[in-house]
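# Below is the structure, and that's it, no one-letter string:
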């Protein structure tokens, strides 16, 4: 899911267009991390409810936020590991990462941010994984197209650029472009602050919502 | 809510509602430390909802509950408790050992202590040889034992057991009950929910009966049986055939059944028990099931009953009475007057099941 989907989207956009694959690689990295990290929690929550293991965790001396933190870390680590694949592909086709440190930090922070987003997506107390996946798709696909993944922000019309600001993927993609030596739209510090801000907001809201909805799952 | 000395569980006006339905309706009870407390009720009475509120799985909508002085559902209360739910909730993709190691991490047990305790529990529960098998390969009985070992791993002071023997075969039920008796002797407080009256009567020091979300009785099984059951069974056998109509005229007799009627009732009960055997692991007839054994005279009884089908005379009778003293005296007088001997005279006090049925029927009929 984290590799195949972004790869096919990438190919769909790259073929027949006069765009350098190198300029699209930051977008592929961003999509891979985004799709991977946001895919796990919407599945694990309903799954654990059906298997009754969520009940075991709730009856254990664990705070709700601890349970959520565990899910978030699992998503984050998976996203970080999966990101290695598009990075290798990017290097193979000649992309040069001029700032590896920024890329590394971006991937770590971005993974945490998208993992927190996935917790938010999984907060409705529906115990069928299909329901969470439906909501997940409804949110993720529009974000991909409004976040400067396929088309750099500077080339978007003004009205579309305004919408980009509300997507956390926008700032992560901007960081990926910067690390690949491509043109970045925002100052790097602003990108990092935005990702951290979105992470904090997603986390706080997720914990609040899950505190309310977790008992309804049982 | 502060803890009273010696009280492990306190519930005060505990309430839970689901929309228009009040699943648990202002229940009040206390469980002393070291006590084996039973929570009885039919399906849908509110037992599991109550235990889930006490263990913090669901939130209460009213009232208060505490575990050893700490609010039920708090981290501290959960640290002091072990929970065995009705349905196994071990991680199927992990081995028994893996499940226990996971629990040890959740309870922050030191590694060495966790390993020693896990080995000890698995051996005690007969799972050690399969400790490296995935939980998904376990039978139902083995999964229940695994979940019990997970509940016991942290050596909690208090155990919540939600129908621990439901769905088990007879041998597994006996094994589980022996285990629970051992835990009781170790001084643990045990809160048990069950709809198996025999189990509750045998194991619990005190029981509360819940029906439609309300506690309708609370006392020791013996006292509940006698005060709420109220009807004693007297099994009597004469050396000569006796007319049931004559016998029915004796004082203090509520009802009389012949051996044939008893056999037919026992057969019906056995058929019903077979249909429900997988759920309770025991005969729902409770002590009545033992009565079947007592009266099992083999083929001769069946033959005799069949041959007497058209008469109201029999040798053996079951008499229902409120006053055993008056009845026994009248049976003795009757035997003497008719130059008969009583070969069997067996007085059976009301069972907990009798009390339960009477109490729940009374409440249902608004008495």
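Received, thanks. Source: prediction; values computed, not measured. Numbers count the residues shown, from 1 in each chain, chains lettered A, B, ... in the order given.
# Skipping adjacent residues, who's closest to the residue most central in space within chain B in space?
In chain B, the residue lying closest to the centroid (CA atoms, centre = their mean) is residue B:200, at 2.9 Å. Among residues not flanking residue B:200 along the chain, residue B:38 sits closest, at 4.2 Å (CB to CB, 6 or more residues apart in numbering or on different chains). Where C-beta positions appear, they are placed from N, C-alpha and C, glycine not excepted.
# Pretty sure residue B:74 sits against residue B:54.
No - between residue B:74 and residue B:54 there is no contact under CB atoms under 8 Å: 11.5 Å.
# Compare those two (neighbour count), which wins?
residue B:54 (27 against 14; other CB atoms under 10 Å in any protein chain shown).
# Which helix or strand contains residue B:112?
helix B:111-124 (DSSP states H and E).
# Which elements pack onto that helix?
helix B:96-106, helix B:140-152 (3 or more CB pairs under 8 Å, 6 or more residues apart in numbering or on different chains; DSSP states H and E).
# so of those helices, which one's packed in deepest?
Among these, the stretch with the highest mean neighbour count (mean count of other CB atoms under 10 Å in any protein chain shown) is helix B:140-152, at a mean of 23.
# Need the contact partners of whichever helix or strand comes after that one.
Following helix B:140-152 in sequence order, the next helix or strand is strand B:158-162 (DSSP H and E). For strand B:158-162, contacts defined as CB atoms under 8 Å, 6 or more residues apart in numbering or on different chains pick out B:8-9, B:47-48, B:51, B:54-55, B:67-68, B:80-86, B:148, B:151-152, B:180, B:183, B:188-193.
# From the residues you listed, which land in strands?
Members of the contacts of strand B:158-162 lying in strands (criterion: DSSP state E): B:8, B:9, B:67, B:81, B:82, B:83, B:84, B:189, B:190, B:191, B:192, B:193.
# before we move on, the earlier item: among the contacts of strand B:158-162, which are in reach of chain A?
Applying CB under 8 Å from any CB of the partner chain to those, one finds that B:55, B:81, B:83, B:85 fall near chain A.
# so what's the second one up against?
Remark: with contacts taken as CB under 8 Å, 6+ apart, residue B:81 is in contact with A:59, B:55, B:67, B:156, B:157, B:158, B:159, B:160.
# Give me the buried subset of those.
Applying 16 or more other CB atoms under 10 Å in any protein chain shown to those, the neighbour count classes A:59, B:55, B:67, B:156, B:157, B:158, B:159, B:160 as buried.
# nearest to residue A:141, of these?
Checking the buried ones among the contacts of residue B:81 against residue A:141 by CB to CB gives residue A:59 as the nearest, at 37.4 Å.
# That closest one contacts residue B:56, correct?
Yes - between residue A:59 and residue B:56 there is a contact at 6.4 Å, judged by CB under 8 Å.
# Common neighbours of these two, please.
Common contact partners of residue A:59 and residue B:56 (CB under 8 Å, 6+ apart): residue B:78.
# related to what we said a few turns ago, what's across from the residue nearest to residue B:200 in the sheet?
residue B:192, residue B:207 (DSSP bridges).
# what about the helix holding residue B:112, average pLDDT?
What helix B:111-124 shows for mean pLDDT is 95.
# ranges for the strands of the stretch 151-300 of chain B?
B:158-162, B:189-194, B:206-211, B:214-219, B:232-243, B:255-258 (DSSP state E, counting those that start in this stretch).
# would JSON lines of those strands with distance to residue B:113 be doable?
As requested, these are arranged in JSON lines below (distance: least, CB to CB, whole Å):
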{"stretch": "strand B:158-162", "distance to residue B:113": "19"}
{"stretch": "strand B:189-194", "distance to residue B:113": "22"}
{"stretch": "strand B:206-211", "distance to residue B:113": "33"}
{"stretch": "strand B:214-219", "distance to residue B:113": "38"}
{"stretch": "strand B:232-243", "distance to residue B:113": "52"}
{"stretch": "strand B:255-258", "distance to residue B:113": "59"}
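# I'd like those as a markdown table, with mean pLDDT appended.
Conversion of the strands of the stretch 151-300 of chain B to a markdown table gives the following (pLDDT from 0 to 100):
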| stretch | mean pLDDT |
| --- | --- |
| strand B:158-162 | 95 |
| strand B:189-194 | 94 |
| strand B:206-211 | 93 |
| strand B:214-219 | 92 |
| strand B:232-243 | 90 |
| strand B:255-258 | 86 |
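# Which among the ones you listed is found nearest to residue A:40?
strand B:158-162 (30.6 Å).
# Return the distance of that closest one from the chain's centre.
Offset of strand B:158-162 from its chain centre (CA atoms, centre = their mean, to the nearest Å): 14 Å.
# Let's verify residue A:183: helix, strand, or coil?
For residue A:183, the assignment made with DSSP: H, G, I helix; E, B strand; the rest coil gives coil.
# pLDDT weak spots in the stretch 151-300 of chain B?
Along the stretch 151-300 of chain B, segments meeting pLDDT under 70 span B:228-229, B:265-266, B:269-270, B:272-300.
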